[in-house]
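Visitor: Sequence and predicted structure are below.
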Protein chains: 2
Amino acid sequence: MTNFADRLAEAVRRKGTPLCVGIDPRWESLPKSIRERFSPDSPEQIASALEAFSLRVLDLVAPLVPVVKPQSAFFELCGPPGMVALQAVIRRARERGLLVVLDSKRGDIASTAIAYADAAFAGFPMGGGYFPIWNADALTVNPYLGRDAVEPFISSARSSGRGLFILVRTSNAGSGLFQDLDCGGRKLYQHVAHAVNEWNAPGVGSCGLGDVGAVVGATHPAELGELRRMMPNVWFLVPGYGAQGGTAKAVAAAFRPDGLGAIVNSSRGITFPFHPDEPNWEQAIVLATEKAAGELRTTSLGVV
Amino acid sequence: MTNFADRLAEAVRRKGTPLCVGIDPRWESLPKSIRERFSPDSPEQIASALEAFSLRVLDLVAPLVPVVKPQSAFFELCGPPGMVALQAVIRRARERGLLVVLDSKRGDIASTAIAYADAAFAGFPMGGGYFPIWNADALTVNPYLGRDAVEPFISSARSSGRGLFILVRTSNAGSGLFQDLDCGGRKLYQHVAHAVNEWNAPGVGSCGLGDVGAVVGATHPAELGELRRMMPNVWFLVPGYGAQGGTAKAVAAAFRPDGLGAIVNSSRGITFPFHPDEPNWEQAIVLATEKAAGELRTTSLGVV
C-alpha cells in the first residue's frame, strides 16, 4: 500500500501540473444539450443530469490533470439519487487514473468521526470485510472540534493509504472572523497549521511530504508563503484560483523549490467556461483546463 | 409560518421535558430480534436494519419527548441506502409530532453552503417549487469558516421557519485544542458565542428565544452558566448527557429561570440501554426515556 502523499506526488509529476479540477455541478449551469436529455421534475432526473455532465468532464480532463475534487454538497442536494451519482463520479475518476479528493468538510467526535472516515475511505467494516461507500483518496476535514475529533480521520486515512486536507485558511471573504483571531501572538489559523504540521509528521512518505494536508485559500497570497514555512512537509490544497480571483502568481509561494507541495483547485473556471447554449462546451472545458494546467505548471516550477 | 424557537418552546412545554433523543444506530448494537430479520451482507440490508430499529425507537419515544436528533454519519456509512433510511426516519419523526435536529455539522462557503442548507430544509429549488431532501427542523453547523459561510444557513433556515445549532463548545475531551485558545482575553468558543448571540437576535420569537442556537457540551458544566449569560436568548443543544458523563445537575445552568432555553441530548443512554440479546429491549428504551425525561424535567424547573 503506497503512502497517499507519494501517490499524489507521482500523479502531479506524471501530468506535469498541480491543477485539481473541482466537480461542482449545478443543473442551471449545465450545457443545454445535456439538460435536453433530462427533465427537471424529480431529484432522480436532476441527479442523472449532474452525473452525465460530471462523467463527461472527467473523460475530458483525465489526460490533463492528476486530481479532481467533487463537492459533495451539490450531490447531497439531490438526496439519495445524488449520492448514487457521486459514487459513479468517484468510480469513473478512479477508472481514468485520477486521484479523488472528496470535499465534504466533515468533522465530528469519536465514533461518529470514525463512521464518516470509514464512509470516505475503506467502507463499512463487516464480517472481516468492508463495503466501500465513497472510496475517495482524500477527504477535507474541519478542525474546530479538536484533537480527538481529527485523530479518527487520520487513523482511518493512514491505515488505508488515503489522505486528509484539514481546513486551515479558507478562501472566503469572511474567513477571518475566527481564523484571524489573535491567540497569544499567533492567529487561530496558525495554531491549526501548527497542529496539522504535527499530525502530518508520522505520515511523511519518500517524496518528503505527508498524508495530512492543509486547505489554504489562494485569496490570501501573503499567507501562503508563511504557511509553507510553518508546514514544510505538508501538502496544500489551494482553492480560490480562477473564478474566486486567485492568480497563478498568487499561489507561487505555496510550492516547494522542487515544484511539489500544493495542488491548486479550479471549479467553475474549468467546468463552466461556457454559456449553457454553447454547442462546443466540451472544447471550452479542454481549452480552459489546458490554459490553467499550463499556467500552474510554469508557476510550480518557480519560473513566473 | 411559525418561528422555529417558538415551535421548540411549545414542544418542550407540551411534553414537559427538554430531553432530546439522539438517533445514532449501529448494526453491532441492534437488538438480536431485529438483526435476525436482515443479513449483514450488503449496505442495503444494514440500512434497512438501522431504519427498522430507528422507526421503532421513534414510536416508543414520541409520546415522551419533544425532539429527536438523527446523526447523519451512521446513515452515510451505509451509502445511498442509508440516506434513504435517514429520510424515512425524519419523515416518521415528523409524522409522530417530533421536531427533528439533523446532526450533520455542515459548513462550507457561499453557494456550497446554500446547497447544504437547501438540502436540510426547503429542498432543491426548481421551477418555482422545491424537492425536499431532509426536511429537518434544525441543522447543526460548524462555524470555523466564518461569517459568510454561516449566513447562507441562517438565511435558508429563517426563510423556512427552521433553526440552526452552531458548534460553540463541543463535549469531547480534546475540544479545547482550539476552542480554549485565549484570543485577546476571551477564549475562541466565547468569540463564537458572541457571534451566535448576534446572529440569533433578528430571529427571536415570542418565547424570547431565537432560531440560531448553540451546541454546548454537558461535559463543561461551569461554562454552561457563563455561556447562558453571554447568550441570554439563544437555544442551547446540550450533548454529552448520560453515556458521555454529563448529569442532570451539571446541565441545570443551561436553562433560563422559566425552564426553557436548552434541549439536552442523550443517544446511547436512551436507545441502547440493553444487551443485544435482551428480549425486552423496547421496555428498556421506554424506561430509560422516562427516567431521563423526569430527571431533566426537574432540573429545567430549577428544583435540583
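Guide: Yep, that arrived. The structure presented is a predicted model; accordingly, all values stated were derived computationally and were not measured.
Visitor: Going by neighbour count, which residues of stretch A:281-288 are buried?
Guide: For stretch A:281-288, a neighbour-count test (16 or more other Cβ atoms under 10 Å in any protein chain shown) marks A:Trp281, A:Glu282, A:Ala284, A:Ile285, A:Val286, A:Ala288 as buried. Backbone N, C-alpha and C define where each C-beta goes, glycine included.
Visitor: Tell me the spacing between the fourth one and A:Ala292.
Guide: Okay, so that is A:Ile285. Relative to A:Ala292, A:Ile285 is positioned 11 Å away (Cβ to Cβ, to the nearest Å).
Visitor: number of nearby residues for the closest residue to chain B within the stretch 151-300 of chain A?
Guide: Nearest to chain B in the stretch 151-300 of chain A, going by Cβ to the nearest Cβ, is A:Gly174, at a distance of 3.5 Å. Using other Cβ atoms under 10 Å in any protein chain shown, A:Gly174 has 17 other residues around it.
Visitor: And for the one 3 residues further on?
Guide: Applying the criterion other Cβ under 10 Å, we find 20 residues in the vicinity of A:Leu177.
Visitor: Nearest spatial neighbour of it, chain-adjacent residues omitted?
Guide: Once flanking residues are discounted, A:Leu177 sits nearest to B:Gly146: 3.9 Å by Cβ to Cβ, 6 or more residues apart in numbering or on different chains.
Visitor: Mind checking what secondary structure A:Leu102 has?
Guide: Here A:Leu102 is strand, with the state taken from DSSP: H, G, I helix; E, B strand; the rest coil.
Visitor: in terms of contact, does it touch A:Thr140 like I think?
Guide: Yes - using Cβ atoms under 8 Å, A:Leu102 makes contact with A:Thr140 at a distance of 7.3 Å.
Visitor: Low-confidence regions, chain A specifically.
Guide: Where chain A drops to pLDDT under 70, the residues are A:301-304.
Visitor: returning to that earlier point: CSV for the buried residues of stretch A:281-288, including secondary structure and distance to chain B?
Guide: Output for the buried residues of stretch A:281-288, formatted as CSV (DSSP: H, G, I helix; E, B strand; the rest coil; distance: Cβ to the nearest Cβ, whole Å):
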residue, secondary structure, distance to chain B
A:Trp281, helix, 20
A:Glu282, helix, 24
A:Ala284, helix, 21
A:Ile285, helix, 20
A:Val286, helix, 25
A:Ala288, helix, 19
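Visitor: now A:Glu36: how far from A:Gln45?
Guide: 12 Å.
Visitor: Run a quick neighbour tally on A:Gly161.
Guide: 16.
Visitor: How about the contacts made by it?
Guide: A:Met1, A:Thr2, A:Asn3, A:Phe4, A:Arg7 (Cβ atoms under 8 Å, 6 or more residues apart in numbering or on different chains).
Visitor: Mind doing that once more with 10 Å?
Guide: By Cβ atoms under 10 Å, 6 or more residues apart in numbering or on different chains, A:Gly161 lies in contact with A:Met1, A:Thr2, A:Asn3, A:Phe4, A:Asp6, A:Arg7, A:Phe121, A:Ala122, A:Asp137, A:Asp211.
Visitor: Kindly report the same for A:Ser33.
Guide: A:Phe53, A:Pro276, A:Asp277, A:Glu278, A:Pro279, A:Trp281, A:Glu282.
Visitor: Looking at the residues you listed, which are in helices?
Guide: Mapping those onto helices (DSSP state H) picks out A:Phe53, A:Trp281, A:Glu282.
Visitor: Helices of chain A, start to end?
Guide: So, for chain A - with DSSP H - the helices run A:4-15, A:32-35, A:43-61, A:72-76, A:79-95, A:110-120, A:147-159, A:176-179, A:188-200, A:221-230, A:268-271, A:281-300.
Visitor: Need the winner for burial among those helices.
Guide: helix A:72-76 (a mean of 26; mean count of other Cβ atoms under 10 Å in any protein chain shown).
Visitor: residues near the spatially closest residue to A:Gly79 that is not a sequence neighbour, how many?
Guide: Leaving aside its sequence neighbours, A:Gly79 sits nearest to B:Ile133 (Cβ to Cβ, 6+ apart; 4.2 Å). Look at B:Ile133: counted by other Cβ under 10 Å, it has 24 neighbours.
Visitor: residues in the stretch 201-304 of chain A within reach of chain B, list them.
Guide: A:Gly217, A:Pro239, A:Gly240, A:Gln244, A:Ser267, A:Arg268 (Cβ under 10 Å from any Cβ of the partner chain).
Visitor: And the residues you listed, which of them are buried?
Guide: For these, buried by 16+ other Cβ under 10 Å: A:Gly217, A:Pro239, A:Gly240, A:Gln244, A:Ser267, A:Arg268.
Visitor: any idea which of the buried residues of stretch A:281-288 is closest to A:Leu86?
Guide: Nearest to A:Leu86 out of those is A:Ile285 (Cβ to Cβ; 19.8 Å).
Visitor: show me the contacts for the spatially closest residue to A:Ala49 that is not a sequence neighbour.
Guide: Excluding the flanking residues, the one nearest A:Ala49 by Cβ to Cβ, 6+ apart is A:Phe38, at 4.1 Å. A:Phe38 makes contact with A:Trp27, A:Leu30, A:Glu44, A:Gln45, A:Ile46, A:Ala47, A:Ser48, A:Ala49, A:Leu50, A:Glu51, A:Ala52, A:Phe53, according to Cβ under 10 Å, 6+ apart.
Visitor: From the chain's centroid, how far away is stretch A:127-144?
Guide: 14 Å (Cα atoms, centre = their mean, to the nearest Å).
Visitor: oh sorry, the question was meant for stretch A:116-125
Guide: On Cα atoms, centre = their mean, the centre of stretch A:116-125 falls 18 Å from the chain's centre.
Visitor: for it, how far is the first residue from the last?
Guide: 12 Å (Cα to Cα, to the nearest Å).
Visitor: same deal with stretch A:191-211?
Guide: Separation of the first and last residues of stretch A:191-211 by Cα to Cα is 19 Å.
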